[in-house]
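[1] need a structure here:
(one chain, ligands or ions: 1)
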Amino acid sequence: MCGIVGYIGEREAQPVLLSGLKRLEYRGYDSSGIALILPHKKNIGIRKAPGKISVLERLVKNKPLSGAVGIAHTRWATHGAPTQANAHPHSDCAGQIAVVHNGIIENYETLKMQLMKEGHVFHSQTDTEVIVHLIEKFYKGIPLEEAVSSALKLLTGSFAIGVIAANEPNKLVGARLGSPLIIGVGKGENFLASDVPAVLGFTKEVVFLDENELVVLDKDNFKISDLDGKTRFKTTTHINWDIDQAEKAGFDHFMLKEINEQPRILENLINSRLQRKTGKICFQEQNIPEAALKEIKNIFIVACGTAYHAGMVAKYALESLCQVPTQIDVSSEFRYRDLLIGPETLVVAISQSGETADTLAGIREAKRRNCSVISICNVLGSTLTRESDGVIYIHAGPEIGVASTKAYTAQLTALYLFAFYLAQIRGVLSGTKINKLLAELFKVPEYQSQILKQQQKIAALARKHSHLGSFLYLGRNVNYPSALEGALKLKEISYIPAEGYAAGEMKHGPIALIDEYRAVVCIAPESKVYEKMVSNIQEIRSRKGKIIAIATVGDQEVKKLTREIIYVPKIEEIFSPLLVVLPLQLMAYHIAVKRGCDVDQPRNLAKSVTVE
Ligand code: AGP
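    Alright, predicted model coming up:
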């Protein structure tokens, strides 16, 4: 997810573009750049740099650009590490056209090869660069917008783009398919942006572009059409959000926004990794040869915090689906153990940031022992991905809230897909069984959306229990990690002592804790351990514990034991962690809000723990 901004008007464009970029930094921040039409030189000036937008600000302070028409970009890398060459904007061979892009061009390699054969010179590893060279190819004696349309019709994937050309200095072109793009309507000036916050400092009048729409702007007008040039009429919308709210898309906190993004992110992730026609699962950046993966004798998962809980779920999936013995340990323990691992071991490192010091130390130890290392990561080009033999990106977009939510379910989904991939190449799971499981996995985004429709009920239940001084979370089998994750979410943002426990362990000590002053969250979806969970709930009830249960829609047993139930749709047991975690995330969020805690930036914590 990147942020793009465009400006055409009477002001100096540079400060307007930088201010817009800073309002979009939550969309991605591993490199940024701007491009302006330099009217006196009949040319385009570009300034771009890896790193946060502050790096670009220093660059343009020393080497400013002057002009009233420009585009800008802040990047969340998906193809090509965050380097100077890969930063947007990208220009054509002659430096007369510039483009910024948010999205993924899935057929860029084929297009790039063809364009190179035709003599185009590429300077980056990005998918985006093919767009500007395609426009250059068509931009011969026709208006810029027609060249843009011709280029976009050849693309497969998603895009929101901004385009400028030196020989049409009074024109700014934008278009979208699959990625958001808005027009900011000013007086004597107009704007393009990925999202509302970028323009709110200048105008509250916006137009939301729809799929396959293209817009041509000058400083006083804008004209919207489809990619065939057929005019589209749209009304402006008055935005009454303030800027801070707008960065969170109207949600009160990034964490709540990210909880609600999960269905869309998982849908994109599943669809991008699965070839529906063949049922084959493909991981572009997974560079460990399949022959080597076939020889693996055991797997060792290393991770911290929430990523560790995702790894615990993966252990169940890998052992049951791939029949590969799988160990797991927190990275800070793994790195100091006398490890019995070697070339026959595949180490799977899970990390949202890709910069967690303990996990990095863990994989370095694994490499020293000649293990193959694959990482499950959200940040392209992060240290972990550069030191791994193979990478599976989760494409969850920047996760701003310190408490990990969307990255957790995206990690889980990537790990399930990896388990299917491994089972496919090791031939231990029939195509029929894989297709049955994939059909269940495809239901998850819709089922998550159904759960999110219960947010008001979950919020009320959370607030009702927010005064309690401690919480116990219980789960079994594949939802024992869910219990740990629910407890971690609550404790890290509300500061309430919370413990996650294997429910079967209750009788070995923790049951002594049960009384009417403690809430016990029981994760009891339909499963092979359901009856055992019901017994645990009965034990707690008889000791006056305050029970909050998560159960499957239609459950008749649990409702006899407690009224505080959140229902989740019925799904294949192995995937239930993808559903039960949403109520746990929302409960933690609403309890923390009720207690006045800083939900997005909890005390003592950092988003990425780069120290040991
Ligand atoms: C989870 O909500 C926490 N923010 C924390 O436990 C986090 O999962 C852990 O620090 C690992 O971070 P990583 O995924 O970036 O390696």
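[2] can you list the residues of the stretch 501-612 of the chain near the ligand?
    Neighbours of the ligand within the stretch 501-612 of the chain, by Cβ under 6 Å from any ligand atom: 608-609. From N, CA and C alone the C-beta is placed, and that goes for glycine too.
[3] right, and G431 touches K280 too?
    No: between G431 and K280 there is no contact under Cβ atoms under 8 Å: 10.0 Å.
[4] more neighbours: those two, which one.
    More crowded of G431 and K280, by other Cβ atoms under 10 Å: K280, with 13 against 9.
[5] relative to K433, how far out is that one?
    15 Å (Cβ to Cβ, to the nearest Å).
[6] again, but for P89
    47 Å.
[7] the more surrounded of those two?
    More crowded of P89 and K433, by other Cβ under 10 Å: P89, with 28 against 13.
[8] got the contact list for that one?
    If you count contacts by Cβ atoms under 8 Å, 6 or more residues apart in numbering, P89 has them with 33-35, 46, 48, 71-73, 98-100.
[9] any chance of these in a markdown table, plus secondary structure, neighbour count and pLDDT?
    Formatted as a markdown table, those follow (DSSP: H, G, I helix; E, B strand; the rest coil; neighbours: other Cβ atoms under 10 Å; pLDDT from 0 to 100):
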| residue | secondary structure | neighbour count | pLDDT |
| --- | --- | --- | --- |
| G33 | strand | 27 | 97 |
| I34 | strand | 29 | 98 |
| A35 | strand | 32 | 98 |
| I46 | strand | 18 | 97 |
| K48 | strand | 23 | 96 |
| I71 | strand | 31 | 98 |
| A72 | strand | 34 | 98 |
| H73 | strand | 33 | 96 |
| A98 | strand | 28 | 98 |
| V99 | strand | 31 | 98 |
| V100 | strand | 33 | 97 |
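[10] identify, from the residues you listed, the entry nearest to the ligand.
    Of all the contacts of P89, the ligand sits closest to H73, with 24.7 Å by Cβ to the nearest ligand atom.
[11] for the residue of the stretch 151-300 of the chain found nearest the ligand, which non-adjacent residue is closest in space?
    Using Cβ to the nearest ligand atom, the closest approach of the stretch 151-300 of the chain to the ligand is made by M255 at 9.5 Å. Of all residues beyond its chain neighbours, the one nearest M255 is G401 (3.5 Å), with distances taken as Cβ to Cβ, 6 or more residues apart in numbering.
[12] ok, the one you found - contacts?
    So G401 contacts 253-255, 258, 599-600 (Cβ under 8 Å, 6+ apart).
[13] any figure for the gap between it and the ligand?
    8 Å (Cβ to the nearest ligand atom, to the nearest Å).
[14] and the pLDDT at that residue?
    Note on G401: pLDDT of 91.
[15] how about F300?
    At F300, pLDDT is 98.
[16] so it, which of the three states?
    State at F300, reduced to three classes by DSSP: H, G, I helix; E, B strand; the rest coil: strand.
[17] what bridges to it?
    Beta-bridge partners for F300, by DSSP bridges, are Q327, V347.
[18] surely it touches A366?
    Yes: at 7.4 Å, F300 counts as touching A366 under the criterion of Cβ under 8 Å.
[19] anything in contact with each of those two?
    339, 341, 345, 347.
[20] when F300 and A366 are compared, which one has more neighbours?
    A side-by-side neighbour count of F300 and A366, using other Cβ under 10 Å, places A366 first with 26 against 23.
[21] local confidence estimate at the closest residue in space to the more buried one that isn't next to it in sequence?
    Spatial nearest neighbour of A366, chain neighbours left out: V347 (4.1 Å); criterion: Cβ to Cβ, 6+ apart. Predicted confidence (pLDDT) for V347: 98.
[22] and what of R276?
    Looking at R276, the pLDDT reads 69.
[23] re earlier: and the shared contacts of F300 and A366, which is closest to G500?
    G500 lies nearest to V347 out of the shared contacts of F300 and A366, by Cβ to Cβ, at 24.8 Å.
[24] so who does the closest one touch?
    V347 touches 299-302, 341, 362-363, 366, 371-374, counting by Cβ under 8 Å, 6+ apart.
[25] can you do 10 Å?
    Contacts for V347 were tallied using Cβ atoms under 10 Å, 6 or more residues apart in numbering; they are 298-302, 327, 334, 339, 341, 362-363, 365-367, 369, 371-375, 388-389.
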